[in-house]
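Undergrad: coords please:
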Amino acid sequence: MHHLLTFVTCLAAFAALALGTERPQDELFGQALAPRATWLLRIAGWGALAVALAIIVHAQGWGMGLVSYSGHTSLAAGIVLCGLIVRSRR
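TA: Reported below is the predicted structural model:
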């Protein structure tokens, strides 16, 4: 259960971080978002990554928690990147 929660949190975090950049905003919304919205998406993304780290470290300790966190962040970032690539090619 901790792995699923950590992965979903990482996925949401990387989606927010991706939407906090100009190029995906242009491709998905047709225009850049307001600077405040961009700033809030970036803060939410980094905050969600911190929450995901806290969840997995609390469940597994620092040793295995950091290893699991690295795996979750890598997979989540790859899925978000692939999703953006597929979306831009459509």
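
Undergrad: helices or strands up against the helix or strand hosting W62?
TA: Using DSSP states H and E, W62 sits within helix 35-89. In terms of contacts (3 or more Cβ pairs under 8 Å, 6 or more residues apart in numbering; DSSP states H and E), helix 35-89 is packed against helix 2-19, helix 22-29. All C-beta atoms are positioned from the backbone trio N, CA, C, and that covers glycine.

Undergrad: tally of neighbours for the closest residue to L75 other than its chain neighbours?
TA: Excluding the flanking residues, the one nearest L75 by Cβ to Cβ, 6 or more residues apart in numbering is F7, at 6.9 Å. Residues near F7, counting by other Cβ atoms under 10 Å, number 19.

Undergrad: for F7, give me its contacts.
TA: Shown in contact with F7 (Cβ atoms under 8 Å, 6 or more residues apart in numbering): 72, 75-76.

Undergrad: narrow the residues you listed to just the buried residues.
TA: Buried members of the contacts of F7, counted by 16 or more other Cβ atoms under 10 Å: 72, 76.

Undergrad: buried residues in the helix or strand of the chain with the lowest mean pLDDT, which are they?
TA: Least confident helix or strand of the chain, by mean pLDDT, DSSP states H and E, is helix 22-29 with a mean of 82. Across helix 22-29, burial judged by 16+ other Cβ under 10 Å covers 24-25.

Undergrad: coming back round to it: quick one: which of the helices and strands packed on helix 35-89 is nearest A52?
TA: Nearest to A52, of all these, is helix 2-19, at 4.0 Å by Cβ to Cβ.

Undergrad: off-centre distance for the closest one?
TA: Helix 2-19 has its C-alpha centroid displaced from the chain centroid by 4 Å (Cα atoms, centre = their mean, to the nearest Å).

Undergrad: alpha carbons of it, as CSV, please.
TA: Extracted C-alpha coordinates of helix 2-19, given in CSV (Å, rounded to 0.1, in the frame of the first residue of the first chain):
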residue,chain,number,x,y,z
HIS,A,2,2.9,2.4,0.8
HIS,A,3,4.4,1.7,-2.6
LEU,A,4,1.1,2.5,-4.4
LEU,A,5,0.6,5.7,-2.4
THR,A,6,4.2,6.8,-3.0
PHE,A,7,4.0,6.1,-6.7
VAL,A,8,0.7,7.9,-7.2
THR,A,9,2.1,10.9,-5.3
CYS,A,10,5.2,10.9,-7.4
LEU,A,11,3.1,10.7,-10.6
ALA,A,12,1.0,13.7,-9.5
ALA,A,13,4.2,15.6,-8.5
PHE,A,14,5.9,15.1,-11.9
ALA,A,15,2.7,16.0,-13.7
ALA,A,16,2.5,19.2,-11.7
LEU,A,17,6.1,20.0,-12.4
ALA,A,18,5.7,19.3,-16.1
LEU,A,19,2.7,21.6,-16.2
